[in-house]
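*Asks:* Have a look; sequence and predicted model below, questions after that.
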Amino acid sequence: MLILASSSATRKALLDKAGLSFETVQAPIDERRIEAEAQAVGADGRDLALLLARAKAEAVSRTHPGDIVIGADQTLALGPELLHKPDSREAAIRQLDHLRGKTHRLHAAVTLVRDGALLWSDVQTAELTMRDFSAAERDSILDLEGDAVLNSVGAYRLEGPSIRLFESVSGDYFTILGLPLLPLLAALRDIAPDLLFPE
Ligand SMILES: Nc1nc2c(ncn2[C@H]2C[C@H](O)[C@@H](COP(=O)(O)OP(=O)(O)OP(=O)(O)O)O2)c(=O)[nH]1
């Protein structure tokens, strides 16, 4: 069985649309504690995404012997600063105003773990530049997006009306949504083709 160790509806949708059959299991880890420990020893956004993706997959692997577990994590870096998912519309407003007119990076990591052993990992980075949008534009986009942006690290959804807030985007679409899908599919074809093309 293929397990996605993520509560992300976006990641689940991407694998569903790719036609994969899998179960989703939320990883019982304390992301903020792992983040604090990693940053204390100088980890950057890219390192942290990989660390968290691996921790999620390893944690779920412990309770699913023999299964291949996909771990994933995405960090948003504005220079050295790491931003996180907003927990309210007010936090989303602050987040978007913080990103306005600047370029930030999204680091999306993905891992495959079986019986606690790391089989494969990858980290992809995208670079996104936001327009110097007005507060009125920002609020009308948030009205259109609704609570969906609360599940997104950048308080936006590239595939939604939020696209109107961007000046330029450089990087893989799936990486931006939070799951480097093409490298993952290549790894699954290599490691467990039967899970992709069940007989
Ligand atoms: N639909 C959509 N989601 C996005 C976009 N950018 C980022 N995200 C989502 C993907 C992930 O669900 C979330 C990144 O946060 P995390 O990597 O911590 O995952 P999350 O907390 O959602 O679930 P998990 O920790 O894996 O259980 O942001 C976007 O442009 N569109």
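*Replies:* Thanks, I have it. Residues are numbered from 1 along each chain as shown.

*Asks:* Show me what counts as buried in stretch 156-176.
*Replies:* By neighbour count with 16 or more other CB atoms under 10 Å, stretch 156-176 contains the buried residues 156, 157, 158, 161, 162, 165, 169, 171, 172, 174, 175, 176. The way it works is simple: take the backbone N, C-alpha and C, and place the C-beta from them, glycine included.

*Asks:* Can you tell me the element the closest residue to the fourth one other than its chain neighbours falls in?
*Replies:* Looking back up the chat, that one is residue 161. Using CB to CB, 6 or more residues apart in numbering and skipping the chain neighbours, the partner closest in space to residue 161 is residue 144 (4.2 Å). Per DSSP states H and E: residue 144 is located in helix 135-145.

*Asks:* same deal with residue 120?
*Replies:* Secondary structure (DSSP H and E) places residue 120 in strand 117-130.

*Asks:* Now that strand: average pLDDT?
*Replies:* Taken as a whole, strand 117-130 has a mean pLDDT of 98.

*Asks:* and it, which strands flank it?
*Replies:* Paired neighbours of strand 117-130 in the sheet (DSSP bridges): strand 103-114 (antiparallel), strand 166-170 (antiparallel).

*Asks:* Check the offset of the last one from the chain's centre.
*Replies:* Right, strand 166-170. 18 Å (CA atoms, centre = their mean, to the nearest Å).

*Asks:* so where does residue 35 fall, helix or strand?
*Replies:* helix 31-40.

*Asks:* So which elements touch that helix?
*Replies:* Packing contacts for helix 31-40, counted by 3 or more CB pairs under 8 Å, 6 or more residues apart in numbering; DSSP states H and E, involve helix 45-61.

*Asks:* Report the rounded mean pLDDT for the helix it packs on.
*Replies:* For helix 45-61, the mean per-residue pLDDT is 98.

*Asks:* From the contact counts, what lies against it?
*Replies:* helix 31-40, strand 68-78, strand 103-114, strand 117-130.

*Asks:* Can you name the next helix or strand after the second one?
*Replies:* By that I understand strand 68-78. Following strand 68-78 toward the C-terminus (DSSP H and E): strand 81-83.

*Asks:* Describe which strands that next one pairs with in its sheet and in which direction.
*Replies:* Applying DSSP bridges, one finds strand 81-83 paired with strand 68-78 (antiparallel).

*Asks:* for the chain, where's the lowest mean pLDDT among helices and strands?
*Replies:* Lowest on mean pLDDT, DSSP states H and E among the helices and strands of the chain sits helix 193-196, with a mean of 91.

*Asks:* for that helix, the distance to its chain's centre please.
*Replies:* 23 Å.

*Asks:* So what touches that helix?
*Replies:* 2, 20, 68, 185, 188, 189 (CB atoms under 8 Å, 6 or more residues apart in numbering).

*Asks:* Quickly name whichever of those residues is closest to residue 9.
*Replies:* Of all the contacts of helix 193-196, residue 9 sits closest to residue 20, with 15.4 Å by CB to CB.

*Asks:* Tell me if I am right that the closest one is in a strand.
*Replies:* No. Counting by DSSP: H, G, I helix; E, B strand; the rest coil, residue 20 falls outside a strand, being coil.
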